[in-house]
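K.L.:
Here is a sequence with its predicted model. Questions after.
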Amino acid sequence: MNTSYTTIPSWRRLLFITFPPLAAVIFALALTMPALAAVENVTFSFTTEIYNPCNGELVNVSGDIHSTFIITSDRNGGFHFTLRAN
């Protein structure tokens, strides 16, 4: 009796054994990735005059403006922009 067996080469067998768990780990890591954010704080001084319509005078206004720019990327490839000023 002459029997022959075809065997899958060892590299293909290794690929079939390791690919599904490796793909599951990569997929799980992609789902748990946090959103990435960039924050920039900017403070600048300003001086201006504002017209007061009640008495017709010019009022001098000066001070500092603090602005915060936040750019966030989400897992879906979108970007969100937030500007806060005070």
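P.N.:
Okay, I see it.

K.L.:
The nearest residue to N52 once chain neighbours are set aside in helix, strand or coil?
P.N.:
Closest residue in space to N52, ignoring its immediate chain neighbours: V59 at 5.4 Å, by Cβ to Cβ, 6 or more residues apart in numbering. C-beta: built from backbone N, CA, C; applies to glycine. Look at V59: counting by DSSP: H, G, I helix; E, B strand; the rest coil, its state is strand.

K.L.:
Please apply the same query to T18.
P.N.:
Under the three-state scheme (three-state DSSP), T18 adopts helix.

K.L.:
now it: how far from F79?
P.N.:
Per Cβ to Cβ, to the nearest Å, T18 is found 36 Å from F79.

K.L.:
that older thread, run through the bridge partners of the residue nearest to N52.
P.N.:
Beta-bridge pairing for V59 (DSSP bridges): I50.

K.L.:
which residues touch it?
P.N.:
If you count contacts by Cβ atoms under 8 Å, 6 or more residues apart in numbering, V59 has them with E49, I50, Y51, N52.

K.L.:
Where does pLDDT dip in this structure?
P.N.:
Along the chain, the parts satisfying pLDDT under 70 run over 1-15, 26-36.

K.L.:
ok, which stretches of it are strands?
P.N.:
36-52, 57-73, 79-85 (DSSP state E).

K.L.:
Could I have the CA atoms of the first one written out in CSV?
P.N.:
Translated: strand 36-52. Extracted in CSV, the C-alpha atoms of strand 36-52 (Å, rounded to 0.1, in the frame of the first residue of the first chain):
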residue,chain,number,x,y,z
LEU,A,36,-5.0,62.7,20.4
ALA,A,37,-5.1,66.4,21.2
ALA,A,38,-2.9,69.4,20.7
VAL,A,39,-3.3,72.4,23.0
GLU,A,40,-1.9,75.9,22.5
ASN,A,41,-2.1,78.7,25.0
VAL,A,42,-1.7,82.3,23.7
THR,A,43,-1.8,85.5,25.7
PHE,A,44,-1.5,88.9,24.1
SER,A,45,-2.0,92.5,25.2
PHE,A,46,-4.4,94.9,23.4
THR,A,47,-5.3,98.5,23.6
THR,A,48,-8.3,100.1,21.9
GLU,A,49,-10.8,102.9,22.1
ILE,A,50,-14.6,102.2,22.2
TYR,A,51,-17.2,104.8,21.4
ASN,A,52,-19.8,105.2,24.1
